[in-house]
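A.B. asks: All I have is the shape, not the residue letters:
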């Protein structure tokens, strides 16, 4: 006789379109389909467990858990895996979360590699992930010898008019203490947009004066309006899949892990808001702006590869390779490659910036390098017809 399929409740607050809801759901469903589970969306599973006979309804639950769910599931002997890092019941249940410390380190290294020496964060105290991210971000820039100015804003600026105005006021107050050029981590994409708007009101340019990494790669908010926002790609579908996998073990009677499982982010998706190098030498700035603008070109005498279909839109990953606007980010901790890895940094925009820290020569040799690079490239450009290639060479 075939075993009855497991019935698993999903309490993931799916009214929100954010990846931390929808992609977690997709990951859980992928595992559920592989295992033949019956998945039931139940946003009030804590109430379902309270009703008579509910003990037989669910074999397990994946949830953005609250206290009533944790309490009633324990009483009914129903295993629960929590996927909400800020859950008030997070210490009562096994959980699967993003590795927030790795997110903070990844963002700090990205901004340090672009030559910034001034840093700030804008996050919410009510967001447990943000608190861990900021702690590691500040530790990383501190280890490099720099300070970080941290500011806090409401978790939900959209809640009402008072929250919106308070958020605007707190951002303006924080920015009054920043010394551009400054590299900034903003916990949420919508607040990242408010920081960009506040910077424009001050006459600051992004990324030249304020380079911003914001949120967890909600493309609709990150890709427009310009400047597009560099963001962290967590890979929330993996969170959902791992949560379902853990629940499967719990439903077979295995003990829960002593600590939450934390998955490293897939990497950074680098867009215009950090597409930049920072240093104070105008000659170097002009040189690298020119190099960056022409390094993807080749002589017209060299045939370009033939590709079918329309030319894809470009966005840079942290490894410097072009890809579609929804490009695969570089995995956390991986290095960059190519001849650009030892370029000095500059105040000009460098659309093909390396991902790792640049080795900066002395000021005299830096200026000489920059000037000679410009002369060489401009000379080549004037004697040969240059055509844009569809692939980068750096």
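C.D. replies: Okay, I see it. These figures come from a predicted structure and were not determined experimentally. Numbering: from 1, shown residues only.

A.B. asks: Show me the helices in the stretch 201-350 of the chain, by range?
C.D. replies: Across the stretch 201-350 of the chain, reading from the start of the chain, the helices by DSSP state H, counting those that start in this stretch fall at 219-222, 236-251, 282-294.

A.B. asks: Could you list the low-confidence segments of the stretch 151-300 of the chain?
C.D. replies: Low-confidence segments of the stretch 151-300 of the chain, defined by pLDDT under 70, span residues 277-282, 284-300.

A.B. asks: Which stretches in it count as strands?
C.D. replies: 182-186, 210-214, 231-233, 261-263, 267-270, 297-299 (DSSP state E, counting those that start in this stretch).

A.B. asks: now those strands as TSV including mean neighbour count and distance to residue 23?
C.D. replies: In this view, the C-beta of every residue, glycine as well, is placed from N, C-alpha and C. Compiled in TSV, the strands of the stretch 151-300 of the chain are given as follows (neighbours: other Cβ atoms under 10 Å; distance: least, Cβ to Cβ, whole Å):
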stretch	mean neighbour count	distance to residue 23
strand 182-186	28	21
strand 210-214	28	18
strand 231-233	25	10
strand 261-263	17	12
strand 267-270	26	15
strand 297-299	15	37
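
A.B. asks: any chance of these in a markdown table, plus distance to residue 15?
C.D. replies: Rendered in a markdown table, the data for those read as follows (distance: least, Cβ to Cβ, whole Å):
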| stretch | distance to residue 15 |
| --- | --- |
| strand 182-186 | 24 |
| strand 210-214 | 23 |
| strand 231-233 | 23 |
| strand 261-263 | 25 |
| strand 267-270 | 26 |
| strand 297-299 | 48 |
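
A.B. asks: nearest to residue 35, of those?
C.D. replies: Of all those, the one in closest proximity to residue 35, counting by Cβ to Cβ, is strand 261-263 (18.4 Å).

A.B. asks: Report all helices and strands that the helix or strand harbouring residue 48 contacts.
C.D. replies: Residue 48 belongs to helix 45-50 when assigned by DSSP states H and E. Other helices and strands packing on helix 45-50, by 3 or more Cβ pairs under 8 Å, 6 or more residues apart in numbering; DSSP states H and E, are strand 7-11, helix 67-76.

A.B. asks: Tell me the buried residues in it?
C.D. replies: 45, 46, 48, 49 (16 or more other Cβ atoms under 10 Å).

A.B. asks: Over to stretch 95-113?
C.D. replies: By neighbour count with 16+ other Cβ under 10 Å, stretch 95-113 contains the buried residues 95-113.

A.B. asks: Show me those that map onto strands.
C.D. replies: In strands, judged by DSSP state E, the following of the buried residues of stretch 95-113 are found: 96, 97, 98.

A.B. asks: Wait, residue 153 touches residue 169, no?
C.D. replies: No - taking Cβ atoms under 8 Å as the contact criterion, residue 153 and residue 169 are not neighbours in contact, 9.4 Å apart.
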